[in-house]
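Q: Next comes the sequence, and after it the predicted model I'd like to discuss.
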Amino acid sequence: MYILKPSWLRHSGEQKDFEVYSCHISPDGKRLATAGGDGHVRIWSTEAIFNSGDPNYDKPRQLCHMSHHLGTIHSVRFSPNGRYLASGADDRVICIYQLDTNPPSLAATFGSNEPPPVENWKTHKRLVGHDSDVQDLAWSYDNSVLVSVGLDSKVVVWSGHTFEKLKTITVHQSHVKGITFDPANKFFATAGDDRSIKIFRFTPPPPNATQHDMINNFVLEATISAPFKSSPLTTYFRRCSWSPDGHHIAAANAVNGPVPSVAIIDRSRWESDINLIGHEAPTEVCSFSPRLFYTKKPESGSSDKGQLVTVIASAGQDKTLSIWNTNTSRPVVIVQDVASKSVSDLAWTPDGQTIFASSLDGSVVAIKFEEGELGYVADSEENDKALQKYGAFRKGMGTAEDVDSLHLENHSKAGELRGAESRMGALMGDFQPADKNGVTTNGAKSATASKNGELNGTSDKQASSKEGASKQSPEEEKESAEKAAARIAELKSRVQVTKDGKKRVAPLLVSSSATGLLSLPQSQLVGAKSTKPAQNDAPQTILDLSKPFHGLPRGGIAALLLGNKRKAVSVEGEEEEEPAAKRPSTGGPVPIMVDTPEGLEPAPLTAPPHGQVPTPEYLRPAVVSPAISVSQVRLAVPKVRSHIVRPLERGVLQGETTLEEAAKGAPENIILEARNPVRPREPSRITATKRGALLWQDFLPRAVLLVTGSKYFWAAACEDGSLHTWTPAGRRLFNAIILESQPVILECRNHWLLCITSVGLCHVFNVKTMSAAHPPVSLAPILDIAMTSLSLDGPTAAPGVTSAHLNSNGNIVVTLSNGDGFFYSSDMYTWQRLSESWWAVGSQYWNSNDSSISALSSTAVGPVATSTAPSKKDDSSAADEVPISAGIIPYLERHTTTEFLLKGRAYTLQRLIQTLLARDGFEGFESAVSVAHLENRIAGALALGAKDEFRLYLFMYAKRIGAEGMRGKVEELLNALVGGILREKGDDAEGKGWASKGDKICGWDRKELLKGVVLILGKFRDLHRLTVQYARILGLTAGGEENGNGDGERMELGD
């Protein structure tokens, strides 16, 4: 071991030597940068330092010095690629220097004793973003991000390419004094005087990233405060370090009882079980050697190299440098009194054998170790192997290869700029009336204001081609714009009187609902929040399911947690009426049992205030055949009620109620009433009334269990398993349909009728065509019967059916008590799972902001306003289009979240997933599950014919696989959109879905979808070789103009 302390290696002044606050070694090991209290950044030759004892060495010692700060410089750091040097000072400014290839001026600075510069380092950027001193800096290992921390408690993230400010994070409660990056490029950690270390998860941003792209990036992952509960606040720095294998973080200024220590934090659990004890005063800096070491000398041809260890150095106010490795419980080296004041910073050379220490006494010390003193340096490939289990070394962005690639990237960026301009216009009050043909996606309607006729990337030409759908006169447009502008002005000038009598203009709340979100989402397993308008769980358009009837009183627990805000399903041909006033809900519990002198007895039914509907009175249990006891599936049969009333309001069947309540509704309501006799042998009576007048009546020989209806027919299911149907006028449609057992669920949707029996068979009938959609299908497969061993002694518990509905295409949609949601594919004769708890705990897209249309508002592809009123000529073709199953997938995912919250399993499962992510082999778990979740959504939307949701999920999927660099999936997706993925030469068989030969898929033009996907993928340079081929077909590359709109090259689909 050699200790080198050249007398000239310092920041000298006229009367004293200035403090040296920071030092760092360049990636090539040839330069040492130091920063001092004199406001200078000095770059020294490490060769000159190592040869300081040689009197014959005459090469330059100081290579350059820069004095572009106005105060003390606290941190200096080279970028990992060696291209830039960053420095932060107490003048709140960060300077970025770049080495100029031109030779410097040989003249020394006038009025100074500085030697002439050897290298020409020029100021490239000056970054202003802090409100107080900048204490520390760190670069990400891929050079994509520079992070600065300071005494203003801020953590500021800068782009490593453009040096724009990407995000300001204010989660620390006091000064932030240290920052370090994960070598696997997944996290960074900051240390502050709030006695905590905070871990942030991030995804490396692309070179053209902007601030609004990073809303969901750089998110807080964990906070560690246990080792620092009583740590002193007297240290100037809290410089922490991440081990080269990515497994540990070393944190300075920790305490173990009353003893100062260095805390070692484990990556898998973010907890500290190890402390390095030995310093007599608080530590200020710790630094891992950048290389791994073998404990034994590797012999050629021998596999016994010992174990791999890491080496860490720590120093602080006790003026002692301690060096440890992970194989020993005591320090390997202790260098006492290395300086006369506190050690401020440590820097290792790239080979891991030399360490530099700077001190507040103005000195810089180099300690060079010989081979074997710290261990035997392992190859750099060992670092790569250790980091691969954390998902490091994913392929980078690369560079654009040709002009076409740059044109494609410019088109992708132009869409983002348009989205940003429109949002800024809305925020600044440049209000434009929104397009009436707003796109409804995922059950939520986009409210983003258009600017200059553009709606999120839809041009004026596209809008003008769709003017036939709905037109507005210029006078009306002008009037609406004037009203909107007047309202904005009124809001801006609203005056409030404060408590002390002073008047002030009330601030105008600026909503962030239209903010575009392009980064990878942050998953959150929570219910609906009123603070996030863009993430409103309640569908604001038609939900393509029959309106559910909730059996729980007063909305049940789910309504208390998540709310019940769905609108009634409107039906074509019915006139819109004003909604009736809502009945006030009553709070408080409903008594089930009462304490009487004879003991506990069932509580009598009492009519509560405000007309709340009481629980219906039951006559008796339904008569059930004993043969059901040996059935594979057994569902509970409804009891026989004395009175069943179902009003039909504007063609929409309402929930069960009383006759008095039904009469209070709209006068146009038709009320279907079923009365069961007390004696089993007497007939049941069914009547339909309107305004109190009898429309028709009928009698049935058996007690009625369930009734349903629509504007096309009425239906009633009886105790003996018979199903009866009537026209709206009361004429019988079918003979009595005899089912195998008692009905359990009876639902209808337009011309479709669904009946589920107690043995779990689902029957779907089309009243219009007088046929069945498919043979009866059993619920057994979705009730976990494939993995449940049935007991001979009695029934086995299984998930319960919470709801069953029909969509407009006659598909059965079922939800279960375990949170899963299914639909039955009549084409494949199988149940398919659309939603399950697996996605809820493993996918980043569950309940994420990316599920709204605003996720695409800042890309080049936005919502496409389609004509909703086809001309008379196209009536036949419009009837053949795929129906829009709006909101079914979000509805099922909300149900899964509800069941998770009810059962309290969310926290436990999320903890299990976090533990799983730390295990070997599961590094890409979260990414793989997120991509699979998007693929599941796309397949479900295609099967259901959910047009708008299919487009949204497709674009989200394209963005994710592009960011992940999944080249195979990107190529397959592009081929599928062209229309030839599954077709071989000579294969003329007609396919469906992705393999269809037509120009449309799920109601969208393939070329339109392909254009959107190519524009999204255009910003990923490592995919340009794939995307540019399709961009040329679409005319997105020639001279930067789009030539695919008629005069350009025409794309042939399905050849």
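A: Now that the structure is in, tell me what you want to look at.
Q: Grab the nearest non-local neighbour of Trp696.
A: When the adjacent residues along the chain are set aside, Trp696 lies closest to Gly730, with 2.8 Å between them (CB to CB, 6 or more residues apart in numbering). C-beta: built from backbone N, CA, C; applies to glycine.
Q: can you tell me which residues contact the one you found?
A: Ala688, Leu695, Trp696, Gln697, Asp698 (CB atoms under 8 Å, 6 or more residues apart in numbering).
Q: And those residues, which is closest to Phe950?
A: Taking CB to CB as the measure, Phe950 lies nearest Ala688 of the contacts of Gly730, at 40.2 Å.
Q: Can you check my assumption that the closest one lies in a helix?
A: No: counting by DSSP: H, G, I helix; E, B strand; the rest coil, Ala688 is not part of a helix but strand.
Q: Next, count neighbours for it.
A: Taking other CB atoms under 10 Å as the criterion, the count of residues near Ala688 is 20.
Q: and the gap between it and Ile745?
A: In this view, Ala688 and Ile745 are 22 Å apart by CB to CB, to the nearest Å.
Q: contacting residues around Gly29?
A: Applying CB under 8 Å, 6+ apart to Gly29 gives the contacts Thr46, Thr349, Pro350, Asp351.
Q: The same query, at a cut-off of 10 Å, please.
A: Shown here is Gly29, whose contacts under the criterion CB atoms under 10 Å, 6 or more residues apart in numbering are Thr46, Glu47, Trp348, Thr349, Pro350, Asp351, Thr354.
Q: Now intersect those residues with the strands, please.
A: Among the contacts of Gly29, DSSP state E puts Trp348, Thr354 in strands.
Q: And the contacts of Gly29, which is closest to Thr180?
A: After measuring those against Thr180 - CB to CB - the closest member comes out as Trp348, at 13.3 Å.
Q: Quick check: which helices or strands does the helix or strand containing Cys64 pack against?
A: Assigned by DSSP states H and E, Cys64 falls within strand 62-66. The criterion is 3 or more CB pairs under 10 Å, 6 or more residues apart in numbering; DSSP states H and E, and the helices and strands that strand 62-66 contacts are strand 31-36, strand 41-45, strand 84-89, strand 93-100, strand 120-128.
Q: swap the cut-off to 6 Å and go again
A: Judged by 3 or more CB pairs under 6 Å, 6 or more residues apart in numbering; DSSP states H and E, the packing partners of strand 62-66 are strand 41-45.
Q: Let me know the average pLDDT across the strand it packs on.
A: Averaged across strand 41-45, pLDDT comes to 92.
Q: pull the CA atoms of it into PDB?
A: Presented in PDB, the C-alpha positions along strand 41-45 are these (Å, rounded to 0.1, in the frame of the first residue of the first chain):
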ATOM      1  CA  VAL A  41     -13.200  23.000 -10.500                       C
ATOM      2  CA  ARG A  42      -9.700  21.700 -11.200                       C
ATOM      3  CA  ILE A  43      -8.800  18.700 -13.400                       C
ATOM      4  CA  TRP A  44      -5.500  16.900 -12.500                       C
ATOM      5  CA  SER A  45      -3.500  14.200 -14.300                       C
END
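Q: Which residues belonging to that strand are considered buried?
A: Using 16 or more other CB atoms under 10 Å as the test for burial, strand 41-45 gives Val41, Arg42, Ile43, Trp44, Ser45.
Q: now swap in stretch 741-756 and tell me
A: Of the residues in stretch 741-756, those with enough neighbours to count as buried (16+ other CB under 10 Å) are 741-750, 752-756.
Q: what's in contact with it?
A: Applying CB atoms under 6 Å, 6 or more residues apart in numbering, the external contacts of stretch 741-756 come out as 546, 622, 635, 637, 705-706, 708, 710, 712, 715, 717, 721, 723, 757-759, 762-768, 804-806, 810.
Q: If anything else comes up later, I'll come back, but that's it for now.
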